[in-house]
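Peer 1: Pasting the sequence and the predicted coordinates here, then a few questions.
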Amino acid sequence: MIEKGKISALQLGMMMYLVIAPTAILNSPSISFRYAKQDLWISPIWSLSGWMAIYLAFKLHDMYPGHNIVQASERIIGRWPGKAVGFLILFIYLYINSGTTRLYGEFVSEAFLPETPLIVVMGTMVLVCALASRGGVEITGRFAQLILPVFIVLFLSNALPIIPDLEPINIFPVMPEGIMPSIAGSIVLQSWYSQFITVSFLLPFVSDREKAAKSVSIALIAVIVTLVVANLVTLLLLGEITGHFTYPFLILARYISLAEFFSHLESLYVAIWVFGAFMKIYLFFYVLVLAAAQWMNLSDYRPIVYPLGFILIVFSHWIANNLQELIHALGTSVTFTVLTVLLGVPMLLFCIALVKKRGHGTVSKN
């Protein structure tokens, strides 16, 4: 096994929560509002793809213990078709990570470092993630334990102080056109939830495997609650103008004023975003280099860390001409591509594996 480190089920759950929640609250309110209007707070509840991703990850691991989805694909459909499927999954992880890195770079550059070249902002983050990934999965788990309490404190520091200024009237009428607008508002969120398939790459390293399903399920529920709160608070404060902002939750942070002394607390929000972006880029980059090494049958993943880091920076720069183009792509074509690869492909592999297992069982009985 290339990676000999171990993580606990609790660390696994923390990692999955931090991979989705901090970055999702960045533009979840504006994306959901585009389709759901005042029902945007309901949209995160429609989390079917997340539960399906968790189910598929655990079932495939039960069928092929110690193998992630890239490794299992070769055993399910043969070496070369499996290699093709594995490459497709690796590419989508590179693509997702490129988008996250670009969003991070655009956000930091636009809000706080307008004079710093975008490539420098992105390159610095990727370099730190590359250095961290060489430490293995145990470092990732420990970092998640360290950062989760910080994220919770920062998130609540943004959400709680504005409660007296919230306008409950903004939530009404509830579902005036039925449930379909809220479901439409959840489509982009479904692509984020589908990223729980990442569990497949981490399960081989979980020491207390029997607790993993519960921990990951709690993580998904926590993500749903976090997005519901973020969307609801944004709606109750901003109302109909929620969709006018690229980063609505940042507007909330700028609105906060405590005792006329603490104000302009957007630095707290930036801390949330930076921590969350780092965790996602870091974990997805680690998964990418680990799975790529396994796909190429290497004995160690560390030699390809920096080459893949360079490719990630290039892709991040190439992925879109500007922020508006990137956000539009994330809300349209990228969503369906991610859902197809991270949910559709594992589902197809699971069905084929199920048929093969039953076929072998029938042959054995005969």
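Peer 2: Everything's here; your move.
Peer 1: for the stretch 1-150 of the chain, what spans make up the helices?
Peer 2: Remark: helices assigned in the stretch 1-150 of the chain by DSSP state H, counting those that start in this stretch are 9-36, 48-63, 69-77, 79-111, 118-133, 137-159.
Peer 1: what do you get for the stretch 151-300 of the chain?
Peer 2: Secondary structure of the stretch 151-300 of the chain (DSSP H, counting those that start in this stretch): helices at 180-184, 187-193, 199-202, 212-238, 248-255, 266-295.
Peer 1: Please name every helix or strand in contact with the fifth one.
Peer 2: Using 3 or more CB pairs under 8 Å, 6 or more residues apart in numbering; DSSP states H and E as the contact criterion, the neighbours of helix 248-255 among helices and strands are helix 9-36, helix 137-159, helix 212-238, helix 266-295. The way it works is simple: take the backbone N, C-alpha and C, and place the C-beta from them, glycine included.
Peer 1: Let me know which of the ones you listed is the nearest to Y306.
Peer 2: Between Y306 and these, the shortest gap by CB to CB is with helix 266-295, which sits at 9.6 Å.
Peer 1: And the contacts of the helix or strand that that closest one is followed by?
Peer 2: Tracing the chain past helix 266-295, the next element assigned as helix or strand by DSSP states H and E is helix 305-318. For helix 305-318, the external contacting residues (CB atoms under 8 Å, 6 or more residues apart in numbering) are 94-95, 97-99, 101-102, 105, 118-119, 122-123, 126-127, 129-130, 133-134, 285, 288-289, 292.
Peer 1: Quote the end-to-end distance of stretch 286-305.
Peer 2: 8 Å (CA to CA, to the nearest Å).
Peer 1: What's the separation between the residue nearest the centre of the chain and P65?
Peer 2: For the chain, the residue sitting closest to the mean C-alpha position, by CA atoms, centre = their mean, is I20 at 3.5 Å. Using CB to CB, to the nearest Å, one gets 26 Å for the distance from I20 to P65.
Peer 1: which residues does K4 contact?
Peer 2: Counting by CB under 8 Å, 6+ apart, K4 touches G136.
Peer 1: what about it, distance to L348?
Peer 2: In this view, K4 and L348 are 31 Å apart by CB to CB.
Peer 1: Output the below-cut-off pLDDT ranges for the stretch 201-350 of the chain.
Peer 2: Low-confidence segments of the stretch 201-350 of the chain (pLDDT under 70): 256-266, 268-269.
Peer 1: If we ignore the residues flanking it in sequence, what's nearest C129?
Peer 2: Leaving aside its chain neighbours, C129 sits nearest to Y282 (4.4 Å; criterion: CB to CB, 6 or more residues apart in numbering).
Peer 1: need the contact list for the one you found.
Peer 2: When the contact criterion is CB under 8 Å, 6+ apart, the partners of Y282 are 128-129, 132-133, 140, 143.
Peer 1: Looking at those, which two lie furthest apart in space?
Peer 2: The span of the contacts of Y282, defined through CB to CB, is set by V128 and T140 at 13.2 Å.
Peer 1: Of those two, which one has the most company?
Peer 2: T140 (24 against 13; other CB atoms under 10 Å).
Peer 1: my guess is the more buried one contacts Y286, does it?
Peer 2: Yes: the criterion here is CB atoms under 8 Å, and T140 meets it with Y286 at 6.0 Å.
Peer 1: Now list whatever residues contact both of those two.
Peer 2: In terms of CB under 8 Å, 6+ apart, T140 and Y286 are both contacted by the residues 132-133.
Peer 1: which one of the helices of the stretch 1-150 of the chain is the most hemmed in?
Peer 2: Stretch with highest mean neighbour count among those: helix 9-36 (a mean of 25; mean count of other CB atoms under 10 Å).
Peer 1: tilt between that helix and helix 212-238?
Peer 2: Relative orientation of helix 9-36 versus helix 212-238 (axes from the mean of the first three to the mean of the last three CA atoms, to 10 degrees): 40 degrees.
Peer 1: for helix 9-36, the distance to its chain's centre please.
Peer 2: Distance, stretch centre to chain centre, for helix 9-36: 6 Å (CA atoms, centre = their mean, to the nearest Å).
Peer 1: for that helix, what is the average pLDDT?
Peer 2: Computed over helix 9-36, the mean pLDDT rounds to 91.
Peer 1: Point out the other helices and strands that it packs with.
Peer 2: With 3+ CB pairs under 8 Å, 6+ apart as the test, helix 9-36 has helix 79-111, helix 137-159, helix 180-184, helix 187-193, helix 199-202, helix 212-238, helix 248-255, helix 266-295 packed against it.
Peer 1: Residues contacting the fourth one, please?
Peer 2: What that stands for is helix 187-193. Defining contact as CB under 8 Å, 6+ apart, one finds that helix 187-193 is touched by 20, 24, 28, 31-32, 35, 43-44, 46-50, 53, 220, 223, 227, 330-331, 334-336, 338-339, 342.
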